[in-house]
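Colleague: Have a look at this prediction, sequence included:
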Amino acid sequence: MALNVFELSAPPVNSIVGHLFELGQDPLGFLTRCRDYGDIIPLQLGLTPTFLVTNPEYIEEVLKNRNDFIKSRGLRALKTLLGEGLLSAEGESWFWQRRLAQPVFHQKRINGYSQIMVEYTNRMLQTWHDGETHDVHADMMHLTLQIVMKCIFSTDVDAGETKVVANALDVAMQWFESKRRQNFLVLEWLPRPENIRYRHAIAQMDEAIYKLIQERRNSGEKTNDLLTMLMEAKDEQTLQQMDDKLLRDEVATLMLAGHETTANALSWTWLLLAQNPEVREKLELELNQVLQGKLPTLEDLGQLVYTQQIIKESMRLYPPVPLMGREAAVDTQIGEYEIPQGMAIMISQWVMHRHPKYFENPEAFQPERWTQEFEKELPKGVYIPFGDGLRICIGKGFAQMEAALLLATIAQRFQIDLVPGYPIVPQPSITLRPENGLKVQLKQIVPNASKDGKPQHVQTSN
């Protein structure tokens, strides 16, 4: 006999809107405290019955059953931005698109973009100078957007069009955060200022994307970029291809998922390295030994073991997506528990990645923990920076390669230190951003400058 999920232990309710106020004020802290109540924690978010899942087996059940558990109301609210792209599509529509796009994201094809990633990063570094103060989050956002635009469209996209896309994605993040705080109860079409701003920014982005698609169709040019590969992708059974609307949706999804998450992962990595100088020194030593002052290549990644451990550990402590939502499409079960249709389900990477049951010293930044043995023993459903199941992020290989190459390129040239006293506040919106950016000071490194093989830093006078 199935158990009633509503009879489980839950945090006390101190408001007529249930737990909504606590979740809105401090979502990461509140959800972390909820962990103590068990494997499934019932929550009342306004009129929406919800529960948080913290049992990795139950998490896997939810993520692997795409028919019973569909994307959340929160993600569906982003349809104006993402349309019917892979991130938001459901059912047979999603299955068809995934089958069509999967070959485009085969690792061998993705590997071809490694040179673009390093080249654009090196180009950015030419503009950096010793002693400068930067918002490194803004720098990472600009860099990863340039890279993904180049990978999608092959040409250097006009600066004005890139700015339009960057603005649309930024406005979408602000809009989503505003709607999250309202539990997505305020409708998008209401003439509120944030809704008007959001729709206007998306309209400008759509105009830029459709223009680039039309230019490609008119030119008939065959390139090795993602747009061409998506245009040429054909269903083997029906011979059907993507129309312009679906291409627009996939491009918008790629631009959001392909730059925002990597930029955030790297931003938090710079924070953690600055806070843990012994890790940074070990990283610089590996880069100096493996690269010996040259730019990294795809072939170097196999030797940059510690570099990749740092990325994994950074995404553990600061997962690019801190919270996923699902909704029960039908009456169903999770484990022994009865789940009624329409029930909202929350899965938090932030909560699971810092769970003391699975990680020793969970709050500590310890890249060394990521040995092959550790990863094999870690239960599925615990470490899920890219999700899991059939809907695992299709761009996982792209993101992992990009993060490691960008880290290696930058860290062998500059030491990045935090500006003392600058407020650092994680903002859990669609992704996990530093709410106020990340102010840092740059210190240039001279590679191979010492006899012991350790890099040295440029000495600047105050």
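Modeller: Sure, I can see it.
Colleague: Ala404 sits in which helix or strand?
Modeller: helix 396-411 (DSSP states H and E).
Colleague: Okay, strands next: where are they in the protein?
Modeller: With DSSP state E as the criterion, the chain has strands at 3-4, 40-45, 48-53, 69-71, 133-135, 324-328, 332-334, 337-339, 344-347, 414-418, 426-428, 432-434, 439-446, 456-457.
Colleague: what's the neighbour count on Leu86?
Modeller: Neighbour count of Leu86, defined by other CB atoms under 10 Å: 23. Just so you know, the C-beta spots here come from the backbone N, C-alpha and C atoms, and that holds for glycine as well.
Colleague: so it makes contact with Arg99?
Modeller: No - the pair Leu86 / Arg99 is not scored as a contact, 10.8 Å apart, by CB atoms under 8 Å.
Colleague: Skip the chain neighbours and tell me the closest residue to Ile334.
Modeller: Tyr58 (5.0 Å; CB to CB, 6 or more residues apart in numbering).
Colleague: separation between the one you found and Asn67?
Modeller: 17 Å (CB to CB, to the nearest Å).
Colleague: Looking at those two, which has the bigger crowd around it?
Modeller: Neighbour totals were compared for Tyr58 and Asn67, and Tyr58 leads with 20 against 11 (other CB under 10 Å).
Colleague: quick one: pLDDT of that one?
Modeller: pLDDT recorded at Tyr58 is 96.
Colleague: residue contacts, it?
Modeller: For Tyr58, the contact set (CB atoms under 8 Å, 6 or more residues apart in numbering) comprises Asp39, Ile40, Ile334, Gly335, Gly381.
Colleague: Contact partners for the residue nearest to the spatial centre of the chain?
Modeller: The centre of the chain sits closest to Thr261, judged by CA atoms, centre = their mean, with a distance of 2.7 Å. Residues near Thr261 by CB under 8 Å, 6+ apart: Pro320, Val321, Ala399, Thr431.
Colleague: For burial, what's the neighbour tally of Ala252?
Modeller: Using other CB under 10 Å, Ala252 is surrounded by 26 other residues.
Colleague: Val118 now?
Modeller: Val118 has 21 neighbours, counted by other CB under 10 Å.
Colleague: what does Pro277 give?
Modeller: Neighbour tally, Pro277, other CB under 10 Å: 11.
Colleague: same question, the one 5 residues further on
Modeller: Neighbourhood size, Lys282 [other CB under 10 Å]: 16.
Colleague: So it versus Val305, what's the distance?
Modeller: Distance from Lys282 to Val305, counting by CB to CB: 11 Å.
Colleague: any common contacting residues for these two?
Modeller: Counting by CB under 8 Å, 6+ apart, nothing touches both Lys282 and Val305.
Colleague: Select from the contacts of Tyr58 the one having the most neighbours.
Modeller: Ile334 (25 neighbours).
Colleague: Pretty sure Ile40 is one of the things that residue touches, is it not?
Modeller: Yes - the pair Ile334 / Ile40 is scored as a contact, 7.1 Å apart, by CB under 8 Å.
Colleague: Show me the common contact partners of those two, please.
Modeller: Counting by CB under 8 Å, 6+ apart, the common neighbours of Ile334 and Ile40 are Val53, Tyr58.
Colleague: Pull the contacting residues for Thr50.
Modeller: For Thr50, the contacting residues are Pro42, Leu43, Gln44, Met343, Ala344, Ile345, Met346, by CB under 8 Å, 6+ apart.
Colleague: Could you list the low-confidence segments of the stretch 251-400 of the chain?
Modeller: Within the stretch 251-400 of the chain, no range satisfies pLDDT under 70.
Colleague: show me where it has helices.
Modeller: Using DSSP state H, counting those that start in this stretch, the helices of the stretch 251-400 of the chain run over residues 277-291, 305-317, 349-353, 372-377, 396-411.
Colleague: now these as JSON lines including distance to Gln25?
Modeller: Formatted as JSON lines, the helices of the stretch 251-400 of the chain follow (distance: least, CB to CB, whole Å):
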{"stretch": "helix 277-291", "distance to Gln25": "32"}
{"stretch": "helix 305-317", "distance to Gln25": "22"}
{"stretch": "helix 349-353", "distance to Gln25": "16"}
{"stretch": "helix 372-377", "distance to Gln25": "35"}
{"stretch": "helix 396-411", "distance to Gln25": "31"}
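Colleague: Glu161 is nearest to which of the ones you listed?
Modeller: With CB to CB as the measure, helix 396-411 is the member of the helices of the stretch 251-400 of the chain nearest Glu161 (21.3 Å).
Colleague: how far is the closest one from where the chain is centred?
Modeller: Here helix 396-411 is found 13 Å from its chain centre; the criterion is CA atoms, centre = their mean, to the nearest Å.
Colleague: And the residue lying closest to Met205 once chain neighbours are set aside, how far from Lys71?
Modeller: Nearest residue to Met205, sequence neighbours excluded (CB to CB, 6+ apart): Ala168, at 3.7 Å. The gap separating Ala168 from Lys71 is 21 Å, by CB to CB.
Colleague: Same question for Ser348.
Modeller: Distance, Ser348 to Lys71, using CB to CB: 16 Å.
Colleague: same question, Pro434
Modeller: Pro434 sits 26 Å away from Lys71, going by CB to CB.
Colleague: neighbours of Thr80, just the number please.
Modeller: Using other CB under 10 Å, Thr80 has 18 neighbouring residues.
Colleague: Restricting to C-alpha, output stretch 364-383 in PDB.
Modeller: In PDB, the C-alpha atoms belonging to stretch 364-383 read as follows (Å, rounded to 0.1, in the frame of the first residue of the first chain):
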ATOM      1  CA  ALA A 364      35.400  22.600   2.200                       C
ATOM      2  CA  PHE A 365      36.900  23.200  -1.300                       C
ATOM      3  CA  GLN A 366      38.900  19.900  -1.800                       C
ATOM      4  CA  PRO A 367      39.400  19.100  -5.500                       C
ATOM      5  CA  GLU A 368      41.500  16.100  -4.500                       C
ATOM      6  CA  ARG A 369      38.300  14.300  -3.500                       C
ATOM      7  CA  TRP A 370      37.500  13.700  -7.100                       C
ATOM      8  CA  THR A 371      39.300  10.400  -7.700                       C
ATOM      9  CA  GLN A 372      38.000   7.800 -10.000                       C
ATOM     10  CA  GLU A 373      37.300   5.500  -7.000                       C
ATOM     11  CA  PHE A 374      35.300   8.300  -5.300                       C
ATOM     12  CA  GLU A 375      33.200   9.000  -8.300                       C
ATOM     13  CA  LYS A 376      32.400   5.300  -8.800                       C
ATOM     14  CA  GLU A 377      31.300   4.900  -5.100                       C
ATOM     15  CA  LEU A 378      29.100   8.100  -5.200                       C
ATOM     16  CA  PRO A 379      25.400   7.100  -5.500                       C
ATOM     17  CA  LYS A 380      23.600   8.300  -8.600                       C
ATOM     18  CA  GLY A 381      21.400  11.200  -7.900                       C
ATOM     19  CA  VAL A 382      23.900  13.000  -5.500                       C
ATOM     20  CA  TYR A 383      26.100  14.900  -7.900                       C
END
